[in-house]
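Trainee: predicted model follows, preceded by the sequence.
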Amino acid sequence: MKRLHFIAIGGSAMHSLAIEMQEIGNIVTGSDDMIFEPSKSKLQAVGLLPKKLGWFPEKLNENIDVVVLGMHAKKENPELKYAQKMNLKIQSYPEFLALFSKNKTRVVIAGSHGKTTITAMILHALKYNVIEIDYMVGAPASKNSKTLSMGAENDFFLLEGDEYLSSVTDPQPKFLWYTPEIALISGIAWDHINVFPTFENYVFQFEKFIYSIQDGGVLIYNEDDEILKKLVESSQHPIKKIGYSLPDHFIDGEQTYLKTEEGSLPLLVFGSHNLRNLAGAQWIAQLMGLDRSDFYEAMPSFTGALKRLELYSKGTNNFLFKDFAHSPSKVKATSLAIKNQFELKKIIVCLELHTYSSLDLTFINQYANSLDSADEAIIFYDPETLRIKNRAPILQENIEQGFGHSSLQVFTQASQLQAILLEKNFSNVVLVMMSSGNFGGINWGALRKRFL
């Protein structure tokens, strides 16, 4: 049993870790200045929701074994400063996970895109076949499922490996902490411009990740990604390298089928990117002891992770999808997948520019042609987000030039965006709402009803 204090306990990953640590017998406290749903309700349900919002150094004392520092805590955080003054042990979220799992076989899923889906596919297949492991995944498979599970008995720890910085005091990428025996890289497409200002610097993080794999370990990689393939093949690190690519499949009547040795499997997920994700997931599951045929048997019931091309509403001839896509490569992959799957329907894509990279004037040209698969494209961004993230103002013409789409509409007010969407005729239409944010608090219930 340890005494743990979480600075920024309300984070999407931090609150799950705090709850898990309490469940296995530790004494847990925490603070945050803002806590949103679903973190708020989950913390409240187990008695970990702070009584007051804010930072309270008096919560810390010499009896605290570890202070876990969340990514959203700032350098000037009063609790962090006090912990440093007291010489308390301070660990970032990934450092804590790495030390906790030091006696387990770590399996890390990395890449600019597809990490969450691949991890969720592996977990689904293992659960279907009644195989228990420890895991950390970026998004739950359903509203009630966990994103983190850690036990004493399991041999494997499956981790989604993020290339973003670990904390304000630990600027190295999170995935460098894990030193896996088994790893996967799904692809490389420049992101996080606020941390990695050049493409070369971004790629270098994945080179370091490859060398962080333990000697004699295994790397599964997407060989359809030329940049990744070149990086892997040029590496002199003594590990086994296994490439995967787009598997054989076909689409029949808005249904995707995977071709296997045992016949054609109908899938609930679709798109070339998801089929590649599946191919990579199969290799990892096999290395974790799951036979190929048992993996394939589980896949027809895989519905995907929340907000990863999630079917949010469906009518007689129309569909509403939510997707986490925000970087250029993800936006392009999702748009193309939707167009190929529903080629006889009108495709409308609504994208919120919400991340540091997407709101950067020097980066926005990376989105060129990413929405070409959409018949109609809508861009939304909140000027207040620009202010909070200290970004230069973006003009409508900057966005129009950056995306280069012939029928692009740009909105900066959530109320205007909602009004336009609720007025549209969605007969024979597929609408995809792409964002890592929430479109300024759009009324999802009202939009959903338009498709029922």
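Mentor: Now that the structure is in, tell me what you want to look at. What you are looking at is a predicted structure, and each value in this text was computed from that prediction instead of being measured.

Trainee: please make it C-alpha for all contacts and neighbour counts, starting now.
Mentor: Fine.

Trainee: where in this structure is pLDDT low?
Mentor: 142-144, 152 (pLDDT under 70).

Trainee: longest helix of it, counting residues only.
Mentor: helix 272-287 (DSSP state H).

Trainee: give me the buried positions along it.
Mentor: 272-285 (16 or more other Cα atoms under 10 Å).

Trainee: residue 330 and residue 347, how far apart?
Mentor: Residue 330 is 16 Å from residue 347, where distance means Cα to Cα, to the nearest Å.

Trainee: how far does stretch 37-45 sit from the chain's center?
Mentor: 20 Å (Cα atoms, centre = their mean, to the nearest Å).

Trainee: my error: substitute stretch 428-443 in the last question.
Mentor: In terms of Cα atoms, centre = their mean, the centre of stretch 428-443 is found 17 Å from the chain centre.

Trainee: keeping just the C-alphas, turn that stretch into CSV.
Mentor: Output of stretch 428-443 as CSV, limited to C-alpha atoms (Å, rounded to 0.1, in the frame of the first residue of the first chain):
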residue,chain,number,x,y,z
ASN,A,428,-29.5,9.8,-48.3
VAL,A,429,-26.6,11.6,-46.5
VAL,A,430,-23.7,10.5,-44.3
LEU,A,431,-22.6,13.2,-41.9
VAL,A,432,-19.2,12.8,-40.2
MET,A,433,-18.4,15.0,-37.2
MET,A,434,-14.6,15.1,-36.7
SER,A,435,-13.0,16.6,-33.7
SER,A,436,-10.8,16.1,-30.6
GLY,A,437,-13.1,18.7,-28.9
ASN,A,438,-16.8,19.1,-28.6
PHE,A,439,-17.8,21.7,-31.3
GLY,A,440,-18.4,24.4,-28.8
GLY,A,441,-21.0,22.4,-26.8
ILE,A,442,-23.2,21.4,-29.7
ASN,A,443,-26.5,19.8,-28.9
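
Trainee: list the buried residues of that stretch.
Mentor: Residues 429, 430, 431, 432, 433, 434, 435, 436, 439, 440 are the ones in stretch 428-443 that count as buried (16+ other Cα under 10 Å).

Trainee: secondary structure element for the second one?
Mentor: By that I understand residue 430. strand 429-434 (DSSP states H and E).

Trainee: within its sheet, name the partner strands of that strand and how each one runs.
Mentor: strand 319-323 (parallel), strand 346-352 (parallel) (DSSP bridges).

Trainee: residues contacting the first one, please?
Mentor: In other words, strand 319-323. Residues outside strand 319-323 that contact it (Cα atoms under 8 Å, 6 or more residues apart in numbering): 307-314, 429-435, 448, 451.

Trainee: right, and the helix or strand after that strand?
Mentor: Following strand 319-323 toward the C-terminus (DSSP H and E): helix 328-341.
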